[in-house]
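> Give me a model of this one.
(one chain, ligands or ions: 6)
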Amino acid sequence: MQILAGILSLFLLAFISISGASLAHNKNDFLECLTLQFQSFNSDSDSIHTPKNASYLSIFQSTIWNLRAASNSGQKPVIIITPYYASQIQAAIYCSKKHGIQLKVRSGGHDYEGLSYISQTPFFIVDMRNLRSISIDTKKNTAWVQTGATLGELYYTISQHSKTLAFTAGVCPTVGVGGHFSGGGYGMMSRKHGIAADHIIDAKLIDAKGKILDRESMGEDLFWAIRGGGGTSFGIVVAFKVKLIVIPETVTFFNVTRTLEQNATQLVHRWQYVADKIDDNLLLRLFLRSFNSSNGKRTIGAFFTSLYLGRVDDLLPIMQQKFPELGLVKEDCTEMPWIESTLFFAGLQGESLDVLLSRTQVSTAYSKGKSDYVTQPIPEHGLKSIWKFLEDEDENRVELQFSPYGGRINDFSESEIPFPHRSGNIFMIHYAVGWAESAESPRHINWIRRLYSFMARFVSKSPRAAYLNYRDLDIGMNNIKGNTSYRQASVWGFKYFKNNFRRLVNVKKKVDPTNFFRNEQSILPM
Ligand SMILES: Cc1cc2nc3c(=O)[nH]c(=O)nc-3n(C[C@H](O)[C@H](O)[C@H](O)COP(=O)(O)OP(=O)(O)OC[C@H]3O[C@@H](n4cnc5c(N)ncnc54)[C@H](O)[C@@H]3O)c2cc1C
Ligand SMILES: *[C@@H]1O[C@H](CO)[C@@H](O)[C@H](O)[C@H]1NC(C)=O
Ligand SMILES: *[C@@H]1O[C@H](CO)[C@@H](O)[C@H](O)[C@H]1NC(C)=O
Ligand SMILES: *[C@@H]1O[C@H](CO)[C@@H](O)[C@H](O)[C@H]1NC(C)=O
Ligand SMILES: *[C@@H]1O[C@H](CO)[C@@H](O)[C@H](O)[C@H]1NC(C)=O
Ligand SMILES: *[C@@H]1O[C@H](CO)[C@@H](O)[C@H](O)[C@H]1NC(C)=O
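Ligands and ions are numbered 1, 2, ... in the order given. Next up, the predicted model:
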């Protein structure tokens, strides 16, 4: 998603205003309830932010990643709370039930549809930013990570303890642990080490009754559900315990560009036969954009952005044998410690490591994303049609990411955890369009929907699978008023979870039969 960060500038925050949404009488009762509860255990009200507090707006905005979602919403949160203790979350659950104000939980705020910070009904936000401690055990190679931590904080903290320990998760350092781990978590080491959710070994969760549970007390069904089924439907995850991974001290980064004039079409075509099968230590991610090349001519750029868990001298023979067409040479490659490579993938090369600790990525863009899984190589003529779509939009406004699967991801069965995207997938497609002009932009939204509809012939079918962490409300949502049928919810439920959807519904019935924890795409107790 570098494109969105790169092309757009910072003038839009003014558009987010606190609209004069009608304040129902129970909002005051709700505030009173919270204040009393907090006082009862001597925690003062500095973690309660109402629209009258100056802190409210800055906290609300500081981790809004998608301005489109923010501006679509009719409602702003009645209150934001920023708990330091689990007891404050328990109080929030109690008061939420008592006064009928919906609870939404936000960790990093990177939800594609803004479901952690918008709602169609009166709601408040439990913002996890102050619950972000990370403790690393270098003897057992494990870490307890509170969900308000970001990926950048986690990566940085691990690197301060060891040169050979790491974690396998996404590339953007401001993504939150809470949403990311509970929804999957794919990154540059996923072919060797799987996804973040594969490594969760314990958790602390507060359920709809306000009980604090760990793996043992929650039971294996609920513990299964929060590893890829999305946290939202089942409770508030306060912390995850994860198994860290062991990596070499030196890794190799490269990012080579090939344009149409440099046979990009043939290379991308060929890549599909290589990327999921090549050495697991190598993840060849592919970004595709249309741009003006140096001679001023519009072309397609294929950026092979890659990480090899090892040294360049071991990488080159692998590429020579398996993908000689790319013509990778030593000069394209840079060796570095893993932690430094995280800066490169985040587009932060050259910065000092503590940039990973910077939490606020103030959003500057309206965006829309979608996802697909590819199980059969797309023929060259198909790729050429995709290029036409890319050329239809302004240069650098749209981007496709092809993320290879295979390797360790396939070592688990589809039902091991709710994340079902295992063997059979060559790669995942991420579609993105971003703009800065105004919230309403049918042209851009239509572009991505047209492309998605065109792509149906090339991607997985029955269900046409999608990745939960690239949340997309186009594939369906719960009714805001009235009940949603199982049939209706199955449409997106099976795309995200395949057959695991059934078990998720059963877990939900057991742990939250009154549907306290809910959002526009949450699992319902049907
Ligand atoms: C710039 C960018 C880059 C990305 N890169 C990657 C990538 O490389 N790989 C990848 O796999 N994904 C990536 N994603 C997608 C990302 O994994 C998801 O958007 C993820 O859900 C974000 O988590 P969050 O905590 O930041 O979001 P939030 O918006 O805070 O939360 C997302 C959802 O999880 C719920 N939730 C949050 N915290 C908790 C909690 N503690 N307990 C229960 N429920 C909770 C929220 O209510 C919401 O429904 C990227 C997204 C963006 C915007
Ligand atoms: C918000 O305002 C109220 C009332 O003035 C005050 O008691 C409370 O401490 C303020 N909260 C914060 C976080 O500053
Ligand atoms: C592109 O492919 C053709 C035919 O295979 C080959 O002759 C040519 O050298 C390639 N061009 C580049 C820039 O690699
Ligand atoms: C790219 O090329 C198009 C068409 O030639 C032109 O209109 C546009 O201004 C160019 N963009 C840049 C940034 O040069
Ligand atoms: C890869 O190269 C392209 C083209 O120069 C650039 O736009 C992109 O940001 C680079 N990606 C990384 C991760 O360095
Ligand atoms: C929704 O479902 C509940 C529980 O099955 C039922 O009691 C209620 O009447 C339903 N509401 C509507 C509007 O159908």
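> Now Leu288: closest residue in space, sequence neighbours ignored.
For Leu288, the nearest residue in space outside its immediate sequence neighbours is Leu400; the separation is 4.3 Å by Cβ to Cβ, 6 or more residues apart in numbering. Glycine gets a C-beta too; all of them are placed from N, C-alpha and C.
> My error: substitute Val237 in the last question.
The spatial neighbour of Val237 that comes closest, neighbours along the chain excluded (Cβ to Cβ, 6+ apart), is Gly231 at 4.7 Å.
> picking up where we left off before, let me know the helix or strand that the residue nearest to Leu288 is in.
Secondary structure assignment for Leu400, by DSSP states H and E: strand 398-404.
> That strand: how far from the chain's middle?
Between the mean C-alpha location of strand 398-404 and the chain-wide mean there is a distance of 15 Å, by Cα atoms, centre = their mean, to the nearest Å.
> average pLDDT for it?
What strand 398-404 shows for mean pLDDT is 97.
> who's in contact with it?
For strand 398-404, the external contacting residues (Cβ atoms under 8 Å, 6 or more residues apart in numbering) are 1-3, 186, 190-191, 268, 271, 275-276, 283-290, 374, 386, 390, 426-434, 447-448.
> Walk me through which strands that strand pairs with, and which way each runs.
With DSSP bridges as the criterion, the sheet partners recorded for strand 398-404 are strand 282-292 (antiparallel), strand 427-435 (antiparallel).
> does Gly231 really touch Phe240, like I thought?
No - the pair Gly231 and Phe240 does not pass the contact test of Cβ atoms under 8 Å, sitting 9.6 Å apart.
> follow-up on the earlier one: where does the residue nearest to Val237 sit: helix, strand or coil?
Secondary structure, DSSP: H, G, I helix; E, B strand; the rest coil: Gly231 is coil.
> With just CA atoms, put stretch 154-165 into PDB.
What follows is stretch 154-165 as a C-alpha-only set of coordinates in PDB (Å, rounded to 0.1, in the frame of the first residue of the first chain):
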ATOM      1  CA  LEU A 154       7.000  -5.700  18.200                       C
ATOM      2  CA  TYR A 155       9.700  -6.000  15.600                       C
ATOM      3  CA  TYR A 156      11.800  -3.300  17.300                       C
ATOM      4  CA  THR A 157      11.500  -4.900  20.700                       C
ATOM      5  CA  ILE A 158      12.400  -8.300  19.500                       C
ATOM      6  CA  SER A 159      15.500  -6.900  17.700                       C
ATOM      7  CA  GLN A 160      16.600  -5.300  21.000                       C
ATOM      8  CA  HIS A 161      16.700  -8.800  22.600                       C
ATOM      9  CA  SER A 162      18.200 -10.900  19.800                       C
ATOM     10  CA  LYS A 163      19.700 -10.800  16.300                       C
ATOM     11  CA  THR A 164      18.300 -14.200  15.400                       C
ATOM     12  CA  LEU A 165      14.700 -14.000  16.700                       C
END
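> buried stuff in that stretch?
Buried positions in stretch 154-165, judged by neighbour count with 16 or more other Cβ atoms under 10 Å: 154-159, 165.
> quick one: it to chain centroid distance?
If you compare the mean C-alpha spot of stretch 154-165 with that of the full chain, they lie 22 Å apart, counting by Cα atoms, centre = their mean.
> So that it lines up with my notes, have the first residue be 478 from now on.
Yep, numbering from 478; the last one is stretch 631-642 now.
> Spit out the contact partners of Thr641.
The neighbours of Thr641, taking Cβ under 8 Å, 6+ apart as the test, are 723-726.
> circling back: which residues are in contact with the residue nearest to Val714?
Applying Cβ under 8 Å, 6+ apart to Gly708 gives the contacts 582, 624, 655-656, 659-660, 682, 714.
> distance of it from Val988?
Noted for Gly708: a distance of 12 Å to Val988, by Cβ to Cβ, to the nearest Å.
> Same question for Arg920.
In this structure, Arg920 and Val988 are 43 Å apart, going by Cβ to Cβ.
> Between those two, tell me which one has more neighbours.
It is Val988, of Arg920 and Val988, that has more neighbours when counted by other Cβ atoms under 10 Å, with 23 against 12.
> Please report how far that one lies from Phe711.
As it turns out, when the distance is counted by Cβ to Cβ, Val988 lies 6 Å from Phe711.
> Please apply the same query to Leu786.
Between Leu786 and Phe711 the distance is 34 Å, computed by Cβ to Cβ.
> for this protein, where's the lowest mean pLDDT among helices and strands?
None of the helices or strands of the chain scores lower by mean pLDDT, DSSP states H and E than helix 479-484, at a mean of 36.
> right, is stretch 605-623 up against ligand 2?
No - for a cut-off given as Cβ under 6 Å from any ligand atom, stretch 605-623 has no contacts with ligand 2; the smallest distance is 11.6 Å.
> Could you tell me the average pLDDT over that stretch, please?
98.
> Same check on stretch 859-866?
The average pLDDT within stretch 859-866 is 98.
> same question, stretch 828-846
86.
> CA-only coordinates of it in PDB, if you can.
Listed in PDB are the C-alpha atoms of stretch 828-846, where the atom choice follows Å, rounded to 0.1, in the frame of the first residue of the first chain:
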ATOM      1  CA  GLU A 828      15.600   6.000   8.600                       C
ATOM      2  CA  SER A 829      16.800   5.000  12.000                       C
ATOM      3  CA  LEU A 830      15.300   1.900  13.600                       C
ATOM      4  CA  ASP A 831      13.200   3.800  16.100                       C
ATOM      5  CA  VAL A 832      10.900   5.000  13.300                       C
ATOM      6  CA  LEU A 833       9.400   1.600  13.900                       C
ATOM      7  CA  LEU A 834       8.100   3.000  17.200                       C
ATOM      8  CA  SER A 835       6.200   5.800  15.600                       C
ATOM      9  CA  ARG A 836       2.600   4.900  16.100                       C
ATOM     10  CA  THR A 837       0.700   7.500  14.300                       C
ATOM     11  CA  GLN A 838       0.200   7.100  10.600                       C
ATOM     12  CA  VAL A 839      -2.200  10.000  10.100                       C
ATOM     13  CA  SER A 840      -4.200   9.000   7.100                       C
ATOM     14  CA  THR A 841      -4.100  11.100   4.000                       C
ATOM     15  CA  ALA A 842      -6.100   9.000   1.700                       C
ATOM     16  CA  TYR A 843      -9.400   7.600   0.700                       C
ATOM     17  CA  SER A 844      -9.000   4.100  -0.400                       C
ATOM     18  CA  LYS A 845     -10.700   0.900  -1.300                       C
ATOM     19  CA  GLY A 846      -9.100  -2.600  -1.300                       C
END
